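Student: Structure for the following, please:
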Amino acid sequence: MSVKRIEKVAAEAVPDGVGVSKQVLISAEEAPNFAMRCFTIQPGGSMPLHTNLVEHEQYVLSGSANVVIGEETYTVEPGNVVFIPAGAAHTYVNNGSEPFRFLCLVPNRADKTSIISS
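Tutor: Numbers count the residues shown, from 1 in each chain. Model (predicted):
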């Protein structure tokens, strides 16, 4: 078991994103089943359309964004919960004037991000 403060966890730039950073809050080495990350997308920032081999469970902390999952576009804000099935094409665009932050939990299994379009 461990307890830590989110502001003490280093953020790293996400190479495929524009204005996107990630903090690994609970790594695969720390927990047997799921990893927990916190993503921040700056105003005007985005992630390209992509797929992953693993599902994503997400909880929006602050800001707002347009999230495309498959053929559907959702506008999400604090308090929204998002589920992205494994293999589903998805993208994020910060549509607000403040950073868009969300927690993202993924199973501790092999994953690969495949960019569809940028």
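Student: In this protein, where's the longest strand?
Tutor: For the chain, the longest strand by residue count, based on DSSP state E, is strand 34-52.
Student: Mind giving me the packing neighbours of that strand?
Tutor: strand 18-26, strand 90-94, strand 100-107, strand 113-117 (3 or more Cβ pairs under 8 Å, 6 or more residues apart in numbering; DSSP states H and E). For every residue, glycine as well, the C-beta is placed using N, CA and C.
Student: Can you lay out those strands as a markdown table showing distance to K8 and mean neighbour count?
Tutor: Formatted as a markdown table, the helices and strands packed on strand 34-52 follow (distance: least, Cβ to Cβ, whole Å; neighbours: other Cβ atoms under 10 Å):
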| stretch | distance to K8 | mean neighbour count |
| --- | --- | --- |
| strand 18-26 | 10 | 17 |
| strand 90-94 | 24 | 20 |
| strand 100-107 | 16 | 20 |
| strand 113-117 | 26 | 11 |
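Student: what would those strands look like in JSON lines with distance to P48 and mean pLDDT?
Tutor: Below are the helices and strands packed on strand 34-52 laid out as JSON lines (distance: least, Cβ to Cβ, whole Å; pLDDT from 0 to 100):
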{"stretch": "strand 18-26", "distance to P48": "8", "mean pLDDT": "98"}
{"stretch": "strand 90-94", "distance to P48": "6", "mean pLDDT": "98"}
{"stretch": "strand 100-107", "distance to P48": "15", "mean pLDDT": "98"}
{"stretch": "strand 113-117", "distance to P48": "5", "mean pLDDT": "91"}
